[in-house]
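*Asks:* Pasting the sequence and the predicted model now:
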Amino acid sequence: MRIIKSEVDKIKFSDKDVFYWDDDLKGFGIKSTAKSKTYIIQGRVNNKSVRRKIGNVGTLTPDEARKEAIKTLAELAKGVNVNAEKKKDKLKGVTLMQAYNDYKSIKRLRDTTLEGYDCALNKAFKDWQDIELAKINRDMIEKRFKDLSKTTPVAANLYFRALRAIFNFAIEKYLIDGEPIVPSNPCNRLNIFKMWNEVKPRKNYIKPAQIKTFFHGLTLNADDTEHYKAVKNQCMLILFTGVREQEAACLKRRNIDFDSKTMTFENTKNHRDHILPFGDWLGDFLADLCKDKKLNDYIFASNNKCGHLKDHRKTIKKIAEECKIDFCLHDLRRTFASIVENDLPFDASEYLQNRLLNHTQKDVHGKHYVQIEERKVEKAMQAVEDYILTQAGVREPEKADNVVDINNIRKNA
């Protein structure tokens with residue numbers, strides 16, 4: 001057919017794809033579907049068929065579409081794959097925010113990591129969100145890092161680690177002819193010039209002489225709110241298990257098996273289930289927490305969007321003031337690790353300590369050969385429980401079986 005207005009107007013929508021080709025201009029046509037009619041061109045480049053949309057019928061007149069078709073077919077005749085070029089242009093225009101959205105859709109990020117990355121994009125790099133990745137250069141990186149480091153050095157490190165991760169992702173994700181649109185990570189300048197802010201590792205933990213005061217400071221009082229009780233109970237669980245804050249917060253009733261006397265933490269930093277056994281005292285403590293809860297209920301439920309305890313630093317601060325012991329929740333993980341290292345009646349190997357803390361084994365021997373028997377894990381967990389209860393005055397040292405009732409200690413002290 002001749003693609004002129006009178007003929008185009010006769011074309012109807014079709015349940016299946018139907019193509020109409022122009023008699024005068026080879027490769028210029030119209031594609032009709034059930035919902036649309038579009039002007040197209042089709043030709044060959046390097047022995048490959050290339051088809052491209054010119055525009056919608058109704059948006060362009062036949063004459064306008066023909067002019068565009070002539071230009072595009074001329075490019076094909078020169079050996080230019082117009083679709084590949086269009087893809088290149090699109091990739092070159094990928095912005096920081098587009099890359100971040102793609103990163104989130106592919107990577108498995110924990111809630112806390114996602115919150116940190118969101119904060120970085122919306123706070124530290126808000127004015128960069130619509131900038132093309134290829135235009136974010138090393139000088140921009142260095143200047144922004146130095147500016148942020150003047151007031152918030154720790155946060156600056158976190159923000160730029162997030163940015164570095166996005167660029168590493170983009171280098172492998174966005175390729176043109178097998179080569180990345182960003183040849184290297186501009187954040188590498190921070191490494192080469194050793195610009196990262198030095199952050200001293202925190203070393204605070206509950207010392208042996210403080211355990212009794214701290215333990216009894218977690219006593220549930222009649223006037224405590226449900227939220228306050230939940231936070232106290234979370235502190236107690238972390239003290240006895242050494243799990244991370246959100247690993248404990250995400251614990252559900254179905255994760256506690258009283259038959260095997262084990263609990264499974266699913267939302268872990270390394271994405272591996274962390275299974276820990278528990279002794280009699282901790283078993284009674286968990287049974288108390290599980291009362292009236294359904295299988296999918298959170299143990300530490302909270303009236304917020306995620307349904308479990310989260311961002312309760314003010315409550316922790318209040319508990320610390322009552323105990324007269326300054327601490328954060330991660331200090332309790334350090335306390336657990338310190339007890340395992342220093343206070344067990346036997347030496348715990350590095351492999352066993354990694355197993356208890358759900359750390360990845362560091363060497364080939366630990367990763368592929370050493371298998372920690374569960375009896376050793378049970379023995380270590382029981383020893384930690386015995387030590388804490390003894391230091392707290394709940395269990396007398398000379399009588400391992402002399403356990404004071406948990407309800408009397410925690411509710412009536």
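*Replies:* The structure has been received and is ready for your questions. Numbers count the residues shown, from 1 in each chain.

*Asks:* Chain neighbours aside, what residue packs nearest to the residue nearest to the spatial centre of the chain?
*Replies:* Centroid-nearest residue in the chain: residue 109, 1.9 Å away (criterion: Cα atoms, centre = their mean). Nearest residue to residue 109, sequence neighbours excluded (Cβ to Cβ, 6 or more residues apart in numbering): residue 117, at 7.0 Å. Using the backbone N, CA and C atoms, a C-beta is placed for each residue, glycine as well.

*Asks:* next one: residue 17
*Replies:* Per Cβ to Cβ, 6+ apart, closest to residue 17 is residue 33, 5.7 Å.

*Asks:* Quick check: the one you found vs residue 324, distance?
*Replies:* Distance of residue 33 to residue 324, computed by Cβ to Cβ, to the nearest Å: 74 Å.

*Asks:* do residue 337 as well
*Replies:* 23 Å.

*Asks:* Out of residue 33 and residue 324, name the residue with the larger neighbour count.
*Replies:* Set residue 33 next to residue 324 and count neighbours by other Cβ atoms under 10 Å: residue 33 wins out with 13 against 10.

*Asks:* Just give me the neighbour total for the residue lying closest to residue 253 once chain neighbours are set aside.
*Replies:* The shortest distance from residue 253 to any non-neighbouring residue, by Cβ to Cβ, 6+ apart, is to residue 293 (4.4 Å). Look at residue 293: counted by other Cβ under 10 Å, it has 15 neighbours.

*Asks:* tally of neighbours for residue 225?
*Replies:* 9.

*Asks:* Domain-wise, how is the protein divided?
*Replies:* Listed domain ranges for the chain are 5-81, 96-192, 208-412 (source: automatic domain parsing).

*Asks:* and the ones you listed as a markdown table, adding distance to residue 87?
*Replies:* Formatted as a markdown table, the domains of the chain follow (distance: least, Cβ to Cβ, whole Å):
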| stretch | distance to residue 87 |
| --- | --- |
| domain 5-81 | 9 |
| domain 96-192 | 8 |
| domain 208-412 | 33 |
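
*Asks:* wait, which of those is closest to residue 89?
*Replies:* domain 96-192 (9.8 Å; Cβ to Cβ).

*Asks:* What's the end-to-end length of that closest one?
*Replies:* 23 Å (Cα to Cα, to the nearest Å).

*Asks:* shaky segments in the protein?
*Replies:* The chain contains residues with pLDDT under 70 at 398-413.

*Asks:* which helix in it runs the most residues?
*Replies:* Longest helix in the chain, counting residues (DSSP state H): helix 153-173.

*Asks:* List the contacts of residue 266.
*Replies:* 250, 255, 273 (Cβ atoms under 8 Å, 6 or more residues apart in numbering).

*Asks:* switch the cut-off to 6 Å
*Replies:* By Cβ atoms under 6 Å, 6 or more residues apart in numbering, the contact set of residue 266 is residue 273.

*Asks:* Can you give me the distance of it to residue 298?
*Replies:* Taken as Cβ to Cβ, the span from residue 266 to residue 298 is 12 Å.

*Asks:* separation between the residue nearest to residue 17 and residue 323?
*Replies:* Distance from residue 33 to residue 323, by Cβ to Cβ: 70 Å.

*Asks:* I appreciate the help and will end here.
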